[in-house]
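*Asks:* Can you look at this prediction? I've put the sequence above it.
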Amino acid sequence: MTAKKPGFARHYLRYSTGNLLVILAGLVSFPILTRLLDNTQYGILNYYDSWVLMAVAFGKLGAQHAIMRFYPHGGDAGRLRAFSTNLYFFPLAVSISVWALLCVGLIFTDAATGLRQSWMFWLAMVSAPLLVFSSLTETVLRITENSHLVMWSRIGWRWLEVLTMVGAVVWLQHTAVAAYGGKLLAAMLVILFYLYWVRRNLGVSRASFEKSSIKEGLIYGLPLVANEMIAVAFVLLDRIMIKGIIGSFEAVGIYSIGASLAMQVNFFTNITMFEAFMPMANRLYATEGAAAVRALKVRVLVPMTYALFGVATLLWCFGTDAVIALSGHAKSASGPVFAAVGAIYALQPILMVAGYGLLLEKRTLKVLALTSSSLAINAALNILWIPTYGVMGAVYATAVSSGAYAIATCVWVPRELLKLPELRVVATAGLLGVAAIIAIPAFNLFALSPGWPRLLVGGSTVGAVYAIAVLLLDARVRAMLRDLLVSWRGRVASRMQAT
């Protein structure tokens with residue numbers, strides 16, 4: 001774990017490559033599952049999956065945050081053993097123990113009352129501790145900068161999941177139970193690899209048990225447990241309120257199809273960026289101070305703002321075509337959900353990077369207050385708008401609450417850490433996006449059949465015109481692209497010489 005680590009660019013390349021292939025796996029499985037499962041079955045699958053996410057967020061006890069914050073970089077074997085004993089194995093043992101007691105309690109309750117939980121419920125219960133273990137292990141891999149292992153394990157897991165879920169639905173039943181059973185099988189196979197890695201790299205010792213280390217980790221991590229649960233509640237709340245207000249799993253399925261596809265956008269635009277950005281920002285803040293973090297933001301925000309405005313434009317214009325292409329005309333009602341929520345998820349990271357800093361100063365309670373307020377806004381607007389606008393009411397609520405959270409992050413962050421994107425960059429990217437959104441319907445551009453024809457022709461044309469316009473209007477982007485090409489050619493030449 002103490003070997004020389006790759007640089008930021010290589011880590012970002014690995015995470016982006018891994019996440020891109022994970023998204024590709026989703027694009028393969030998504031149209032198959034949405035065609036084989038009706039809206040009700042897909043809604044059930046997504047409903048239980050959301051509850052599992054909530055259970056896992058609680059079950060980790062904030063240990064993933066403590067692992068990320070208190071890992072002993074450069075520590076000797078004793079310090080590493082103490083770290084893994086107190087901040088990895090101890091919370092994992094507590095989590096599994098609580099889960100086991102809960103299972104026993106449910107079994108006895110069912111026996112006493114004559115109730116019977118569904119197969120779907122028990123599959124979800126079994127998956128929870130497996131996902132807690134995998135999440136904590138991946139956090140250790142990330143903080144030790146084993147990005148290559150993270151990349152390959154994610155790719156392997158997701159593609160195994162495609163094979164097992166689709167295989168179970170095709171060969172067993174067109175039901176949510178079959179799909180989730182296949183998903184659980186894939187998780188078990190990957191967890192065998194994680195167990196092997198943990199056994200070889202993480203030590204545990206009773207002599208290394210330290211109450212002070214556990215207390216420190218809990219004080220830092222527990223507010224972020226609530227924060228993570230609230231973040232998961234954003235995923236869960238819309239489904240629950242749609243089901244409660246509209247009263248139909250079909251409506252849940254319509255929303256879930258669009259929102260789930262939008263989460264793939266979030267996975268690539270938001271999570272990938274922060275996986276590469278956060279470790280570097282933390283290191284710079286600890287070693288060089290706030291000015292270095294602001295300088296990093298300047299370098300990141302220019303290309304990021306242009307790229308994410310372009311993604312949001314394409315989603316807004318062709319999101320419905322993507323849903324039709326992937327899932328068929330029967331699922332076209334989910335198109336507006338994907339287009340709007342996907343655009344929101346594409347733009348939000350711009351302000352989140354600009355306002356990143358509360359965690360650097362360990363202001364976890366402020367982060368918790370922000371996410372709690374955003375969730376309250378989302379719930380209130382769902383109550384107000386779902387009866388009036390149906391499924392799209394939840395979309396509007398998501399847009400307002402997500403925007404409020406991002407803006408409030410920038411308002412609350414200390415001024416020395418705030419670095420907003422340049423007004424010129426935002427104005428240029430925004431005007432190009434608005435021009436495309438207005439021009440396509442106004443001039444009846446790309447009057448092709450909805451689905452693949454319009455998505456491929458229109459999406460590639462608008463994307464290319466947007467990229468060319470950005471390169472023509474901003475010399476800094478041209479310089480960045482030129483530097484990347486020179487660097488790539490240098491690496492290729494050095495490898496050819498080595499062979």
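*Replies:* Cool, the structure landed.
*Asks:* same question for stretch 484-499, mean pLDDT?
*Replies:* Mean per-residue pLDDT for stretch 484-499: 73.
*Asks:* wait, I meant stretch 219-231
*Replies:* Confidence for stretch 219-231, expressed as mean pLDDT, is 80.
*Asks:* And stretch 152-163, by the same measure?
*Replies:* For stretch 152-163, mean pLDDT is 87.
*Asks:* So what touches that stretch?
*Replies:* Here stretch 152-163 makes contact (CB atoms under 8 Å, 6 or more residues apart in numbering) with 18-19, 21-22, 25-26, 28-29, 138, 141, 182-183, 186-187, 189-190, 193-194. Quick note: C-beta positions are derived from backbone N, CA and C, even for glycine.
*Asks:* Let's see that with 7 Å instead.
*Replies:* Residues external to stretch 152-163 that are found in contact with it (CB atoms under 7 Å, 6 or more residues apart in numbering): 18, 21-22, 25, 28-29, 183, 186, 189-190, 193.
*Asks:* do the same with stretch 122-135
*Replies:* So stretch 122-135 is in contact with 48, 51-52, 55-56, 59-60, 64, 92, 95-96, 99, 103, 177, 180-181, 184, 187-188, 191, 194, going by CB under 7 Å, 6+ apart.
*Asks:* change it to 8 Å
*Replies:* With CB under 8 Å, 6+ apart as the contact definition, stretch 122-135 has outside contacts at 48-49, 51-52, 55-56, 59-60, 64, 92, 95-96, 99, 103, 106, 177, 180-181, 183-184, 187-188, 190-191, 194.
*Asks:* Could you list the alpha-carbon positions for that stretch in CSV?
*Replies:* What follows is stretch 122-135 as a C-alpha-only set of coordinates in CSV (Å, rounded to 0.1, in the frame of the first residue of the first chain):
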residue,chain,number,x,y,z
TRP,A,122,-35.7,-11.7,1.8
LEU,A,123,-33.5,-11.3,-1.2
ALA,A,124,-33.2,-7.6,-0.4
MET,A,125,-32.3,-8.5,3.2
VAL,A,126,-29.6,-10.9,2.2
SER,A,127,-28.0,-8.3,-0.2
ALA,A,128,-27.7,-5.6,2.5
PRO,A,129,-24.7,-6.9,4.5
LEU,A,130,-22.9,-7.9,1.3
LEU,A,131,-23.2,-4.4,-0.1
VAL,A,132,-22.0,-2.9,3.2
PHE,A,133,-18.9,-5.1,3.1
SER,A,134,-18.2,-4.3,-0.6
SER,A,135,-18.7,-0.6,0.0
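*Asks:* Show me which residues of the helix or strand where W122 lies are buried.
*Replies:* When elements are assigned from DSSP states H and E, W122 belongs to helix 119-143. Judged by neighbour count using 16 or more other CB atoms under 10 Å, the buried positions of helix 119-143 are 120, 123-134, 136-143.
*Asks:* do stretch 466-474 as well
*Replies:* 466-467, 469-470, 473-474.
*Asks:* need the residues you listed in JSON lines with distance to L484 and pLDDT, can you?
*Replies:* Shown next, in JSON lines, are the buried residues of stretch 466-474 (distance: CB to CB, whole Å; pLDDT from 0 to 100):
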{"residue": "Y466", "distance to L484": "19", "pLDDT": "96"}
{"residue": "A467", "distance to L484": "14", "pLDDT": "95"}
{"residue": "A469", "distance to L484": "19", "pLDDT": "96"}
{"residue": "V470", "distance to L484": "15", "pLDDT": "97"}
{"residue": "L473", "distance to L484": "19", "pLDDT": "95"}
{"residue": "D474", "distance to L484": "15", "pLDDT": "95"}
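*Asks:* Reformat the residues you listed as a markdown table; add distance to F267 and secondary structure.
*Replies:* Supplementary listing: the buried residues of stretch 466-474 in a markdown table, determined by distance: CB to CB, whole Å; DSSP: H, G, I helix; E, B strand; the rest coil:
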| residue | distance to F267 | secondary structure |
| --- | --- | --- |
| Y466 | 22 | helix |
| A467 | 22 | helix |
| A469 | 27 | helix |
| V470 | 24 | helix |
| L473 | 29 | helix |
| D474 | 27 | coil |
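*Asks:* Include distance to A436 when you put those into CSV, please.
*Replies:* Rendered in CSV, the data for those read as follows (distance: CB to CB, whole Å):
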residue, distance to A436
Y466, 7
A467, 12
A469, 10
V470, 12
L473, 15
D474, 17
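*Asks:* which of these lies closest to R14?
*Replies:* A467 (24.0 Å; CB to CB).
*Asks:* so how far is Y306 from the closest one?
*Replies:* From A467 across to Y306, the span is 9 Å (CB to CB, to the nearest Å).
*Asks:* show me what contacts E416?
*Replies:* The contact partners of E416, taken as CB under 8 Å, 6+ apart, are 290-291, 294.
*Asks:* Which among those residues count as buried?
*Replies:* Of the members of the contacts of E416, the ones counted as buried by neighbours, 16+ other CB under 10 Å, are 290, 294.
*Asks:* Now for the residue lying closest to W316 once chain neighbours are set aside, which secondary structure element holds it?
*Replies:* Counting by CB to CB, 6 or more residues apart in numbering, W316 lies nearest to A343, which is 5.0 Å off, once chain neighbours are set aside. In this structure, A343 sits in helix 335-354 according to DSSP H and E.
*Asks:* same question, L485
*Replies:* L485 belongs to helix 475-498, assigned by DSSP H and E.
*Asks:* just to revisit the earlier point, which of the contacts of stretch 122-135 are buried, as a ChimeraX select command?
*Replies:* Filtering the contacts of stretch 122-135 down to the buried ones (16+ other CB under 10 Å) takes a single ChimeraX command:
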select :48,49,51,52,55,56,59,60,64,92,95,99,177,180,181,183,184,187,190,191,194
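*Asks:* Which of the contacts of stretch 122-135 fall within helices?
*Replies:* Of the positions in the contacts of stretch 122-135, 48-49, 51-52, 55-56, 59, 64, 92, 95-96, 99, 103, 106, 177, 180-181, 183-184, 187-188, 190-191, 194 sit in helices, assigned by DSSP state H.
*Asks:* Need phi/psi at K60.
*Replies:* phi -80, psi -10 (degrees, to the nearest 10).
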